[in-house]
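Student: Show me the folded form of this:
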Amino acid sequence: MVELKTDASIDAMHAAGRVVGRTLTAVRQAARVGVSLLELDEIAREVLREAGASSPFLGYRPSFAPTPFPAVICASVNDAIVHGIPTRYRLRDGDLLSVDCGAELDGWAGDSAVSFVVGRPRPSDLRLVDTAERALAAGIEAAVPGNRIGDIAHAVGSVCRTAGYGIPQGFGGHGVGRRMHEDPEVPNEGRPGRGLPLRPGMVLAIEPMLIASGRDHYYEADDGWTLRTTDGSRAAHAEHTVAVTESGPRVLTAREAL
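Tutor: Reported below is the predicted structural model:
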């Protein structure tokens, strides 16, 4: 069931979203060559603590997972698409890092992700990250009353496919509210004019995931969480929590520009 949020509820979700934005900004600023993924997770934990927020990631265990998630961020490096568990791995020059983070504040959740290169970037990685952001922007632009879920999916998928990138099938966005994952599902590819109508008060996480090789295949790593590209190619992930309103899409997890 899809819950329509009131204006007051969306304002409360914006407060949670601001915490997510601050957390991702702090992690990105700290992500340098030689810094470990566990150190980045600790930085995220501190931002959440200071804000009086909790993590919807920590201890999360969906049906597919063999164990509860042990961290407050997902840190996915290079060929990892999403759900990377922070480890002692230390970032290297040229690593492509995707960081996904959530926050719960006063009973409401926010969810967002960003990808970036540590150190000296490959031009191909910059194109991949830029395309993920453009696909996210296209999906957000389509999140207006009168459109349907398929219009968001088509907008996201069209940007990805036109650029020649793959899209991992079966993974995409979702509703957000009292919980991090709610109805409806928001695919990253679809047909315009199809699916659930968008109504004011719907709050959605829109999250393109791109595979550089153009292939869609992936596998689950031994940790039971991390999804990796089958061919070893790099991946990028971008996400915002967005409210559908009468006056247009409202991004609830905006980050400060770096």
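Student: gap between stretch 102-119 and the chain center?
Tutor: The gap between where stretch 102-119 is centred and where its chain is centred comes out at 7 Å by CA atoms, centre = their mean, to the nearest Å.
Student: Using neighbour counts, pick out the buried residues of that stretch.
Tutor: Neighbour-count burial for stretch 102-119, with 16 or more other CB atoms under 10 Å as criterion, is recorded at 102-105, 108-118. C-beta here means a position set from N, CA and C on the backbone, and glycine is covered the same way.
Student: Show me what the longest helix seen in the chain is packed up against.
Tutor: Longest helix of the chain, by residue count under DSSP state H: helix 7-30. Under the contact definition 3 or more CB pairs under 8 Å, 6 or more residues apart in numbering; DSSP states H and E, helix 7-30 sits against helix 37-51, strand 96-105, strand 108-117, strand 240-243, strand 250-251.
Student: I'd assumed residue 40 was in contact with residue 27.
Tutor: Yes: at 5.0 Å, residue 27 counts as touching residue 40 under the criterion of CB atoms under 8 Å.
Student: Alpha carbons only: can I get stretch 104-116 in PDB?
Tutor: Extracted in PDB, the C-alpha atoms of stretch 104-116 (Å, rounded to 0.1, in the frame of the first residue of the first chain):
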ATOM      1  CA  GLU A 104      15.900   8.000  10.600                       C
ATOM      2  CA  LEU A 105      14.900  11.100  12.500                       C
ATOM      3  CA  ASP A 106      11.700  11.600  14.600                       C
ATOM      4  CA  GLY A 107      10.100   8.600  13.000                       C
ATOM      5  CA  TRP A 108      10.800   9.400   9.300                       C
ATOM      6  CA  ALA A 109      13.500   8.100   6.900                       C
ATOM      7  CA  GLY A 110      15.700   9.500   4.200                       C
ATOM      8  CA  ASP A 111      17.900   7.600   1.700                       C
ATOM      9  CA  SER A 112      20.500   8.900  -0.800                       C
ATOM     10  CA  ALA A 113      23.600   7.800  -2.700                       C
ATOM     11  CA  VAL A 114      26.500   9.400  -4.500                       C
ATOM     12  CA  SER A 115      29.400   8.100  -6.700                       C
ATOM     13  CA  PHE A 116      32.800   9.800  -7.100                       C
END
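Student: Helix, strand, or coil at residue 158?
Tutor: Under DSSP: H, G, I helix; E, B strand; the rest coil, residue 158 falls in the helix class.
Student: tell me, how many neighbours does residue 52 end up with?
Tutor: 10 (other CB atoms under 10 Å).
Student: for residue 192, same thing?
Tutor: 15.
Student: same question, residue 247
Tutor: 8.
Student: Now find how far off-centre the helix or strand that contains residue 184 is within its chain.
Tutor: Assigned by DSSP states H and E, residue 184 belongs to strand 182-186. Counting by CA atoms, centre = their mean, strand 182-186 is centred 14 Å from the centre of its parent chain.
Student: contacting residues for residue 136?
Tutor: 156, 206-208, 238-240 (CB atoms under 8 Å, 6 or more residues apart in numbering).
Student: where are the low-confidence patches of the stretch 151-258 of the chain?
Tutor: Applying pLDDT under 70 to the stretch 151-258 of the chain flags residues 257-258.
Student: still on that earlier bit, ok, which of the helices and strands packed on helix 7-30 comes nearest residue 152?
Tutor: With CB to CB as the measure, strand 240-243 is the member of the helices and strands packed on helix 7-30 nearest residue 152 (9.2 Å).
Student: that older thread, note down every partner strand of the strand holding residue 184 and its orientation.
Tutor: strand 173-175 (antiparallel) (DSSP bridges).
Student: Return the set of buried residues in the partner strand.
Tutor: 173-175.
Student: One more: stretch 239-258?
Tutor: Across stretch 239-258, burial judged by 16+ other CB under 10 Å covers 239-245, 249-253, 255.
Student: Then stretch 63-71?
Tutor: Neighbour-count burial for stretch 63-71 [16+ other CB under 10 Å]: 69, 71.
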